[in-house]
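J.: I would like the atomic coordinates for the input below:
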Amino acid sequence: MSIDEAVRAASARTLIATGVGFADGDYKPVEQINVSVLDYGFTRSDVTYDVVHVWDGRFFRLEHHLDRFLASMAGLRMSIPHDRDAIRSILMECVRRTGLREAYVAMLCTRGRPPAGVRDLRQCRNRFVAYALPFIWIASPEKQQSGLAAAIASRPRIAPQSVDPTIKNYHWLDMERSLFEAYDAGADTVILPSLDGTVTEGPGFNAFAVVNGTVVTPDSGVLEGITRQTVIDICGRNGIPVEVRPVPLAEFRDADEIFLTSTAGGVMPVTRLDGRILGNGAPGAMTMRIRDLYWTWHREEAETTPVDYGC
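T.: The predicted structure follows:
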C-alpha cells in the first residue's frame, strides 16, 4: 500500500469512527451526507426528525422513538420508501458500522424538492436520512454533578396552535434567541414560557419541578419527549407522586427542585434559576433518585434493543 493509499484508508477509518450515515440508499461517512439548498427542509424548515441513543451497546426505548417518528411524518403528510422494520435496520446498521457502544442516532425526513418551476408540496419527493455519532451530552456528567444554571426567557415559545410541538421539528429560532438571552445573564440554558404564563420547554429538553414532594411537568405546548415519558413511568413504577398539568411560572420559580430531561443527557439537575439557588446549591435528592433509576433502566431488557455488531 502506498503512503497516499494508507493516508486515505486512515482517513476513512476516522470518518467511520466519527459517524456513519444513510442517505439515497447508501451508507457513507456522515460528513459526506448533504442536503440541497433547494430542499424545503432547508429553505422552509419543513422537516421532522427523531433522536434515539445507544448506551452500552443497546438502543434505549427504540420502539417509542420509531412510534413518534412515524407519527410525526404522518402528521406532516410525509412518506418514505422504508417501513418501520427497514428504518430500524438502517439505524442498527449505522451504529454497527461505527462500532460505537454509546451513540447519538438520528433519523429525519425532509420535504424534499418539487420539480423545477413547481411549488406544489404534493409533488415533493420526501427524503430520508439517518446517522449515528458518538453520544452527545446537553450537559456533561461533570456539569450534572454540580447542576445547571437556567433562566426563564422573556419571549414565549411558539404557540402550539401555530407549530405543533408534539411533531419534533427544527422551528428553534425562539429558543435560539432565548439561549443568547440566557448566556448574557450567565446561565447555561433557557426555559421558555407560554403566552399564558406557564412553563413549556427548552432547546432540546423537557422541564420538571419537584413541589412538596410531587414531580410536576407541563401537559401541553411541549414535545412529548421519550425521556419525559420515561421519568413519568419511573415515578409511576416507584410510587413517586407525579402530575402532568399546567405549571405556572410562579410555582416553577418557587419549586424545591428542578430538572431537565433529554435523550442527549438523560435527567439533568438545575441548581440555579434566574440567579436563585435551589436547595443548598446541589442537585436535589428526588432529582438524583430519578436520575439513578433512569440509568438503571438502561440495563433492563424490556427497555432496550441490543445492537448486533457482528462480532
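
J.: For the stretch 151-300 of the chain, which residues score under the pLDDT cut-off?
T.: By pLDDT under 70, the stretch 151-300 of the chain contains no weakly predicted segment.

J.: What segments of it are helices?
T.: With DSSP state H, counting those that start in this stretch as the criterion, the stretch 151-300 of the chain has helices at 173-184, 226-237, 249-253, 285-296.

J.: which of those helices sits most buried?
T.: Among the helices of the stretch 151-300 of the chain, helix 226-237 has the highest mean neighbour count (mean count of other CB atoms under 10 Å), at a mean of 19. No exception for glycine: its C-beta is placed from N, CA and C like everyone else's.

J.: closest to V129 out of the helices of the stretch 151-300 of the chain?
T.: Set against V129 and scored by CB to CB, the helices of the stretch 151-300 of the chain come closest in helix 226-237, at 19.9 Å.

J.: before we move on, the earlier item: the helices of the stretch 151-300 of the chain into CSV, with extra columns for distance to E243?
T.: Below are the helices of the stretch 151-300 of the chain laid out as CSV (distance: least, CB to CB, whole Å):
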stretch, distance to E243
helix 173-184, 25
helix 226-237, 10
helix 249-253, 11
helix 285-296, 14
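
J.: So for G147, which of the ones you listed sits nearest?
T.: Proximity to G147 (CB to CB) singles out helix 285-296 among the helices of the stretch 151-300 of the chain, at 8.7 Å.

J.: who does that closest one touch, helix- and strand-wise?
T.: When contacts are defined as 3 or more CB pairs under 8 Å, 6 or more residues apart in numbering; DSSP states H and E, helix 285-296 sits against helix 226-237, strand 257-262, strand 266-273.

J.: Parallel or antiparallel, which strands does the second one pair with?
T.: Sheet pairing here is set by DSSP bridges, and for strand 257-262 it gives strand 205-211 (antiparallel), strand 266-273 (antiparallel).

J.: Can you add distance to A285 and give those back as TSV?
T.: Converted to TSV, these look like this (distance: least, CB to CB, whole Å):
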stretch	distance to A285
strand 205-211	9
strand 266-273	11
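
J.: Which of the ones you listed sits closest to D254?
T.: Nearest to D254, of all those, is strand 205-211, at 8.0 Å by CB to CB.

J.: For the closest one, what is the distance to the chain centroid?
T.: Centroid separation for strand 205-211 versus its chain: 16 Å, with CA atoms, centre = their mean, to the nearest Å.

J.: Can you classify the residue nearest to R84 when sequence neighbours are not counted by secondary structure?
T.: Leaving aside its chain neighbours, R84 sits nearest to L66 (5.7 Å; criterion: CB to CB, 6 or more residues apart in numbering). Assigned with DSSP: H, G, I helix; E, B strand; the rest coil, L66 falls in the helix class.
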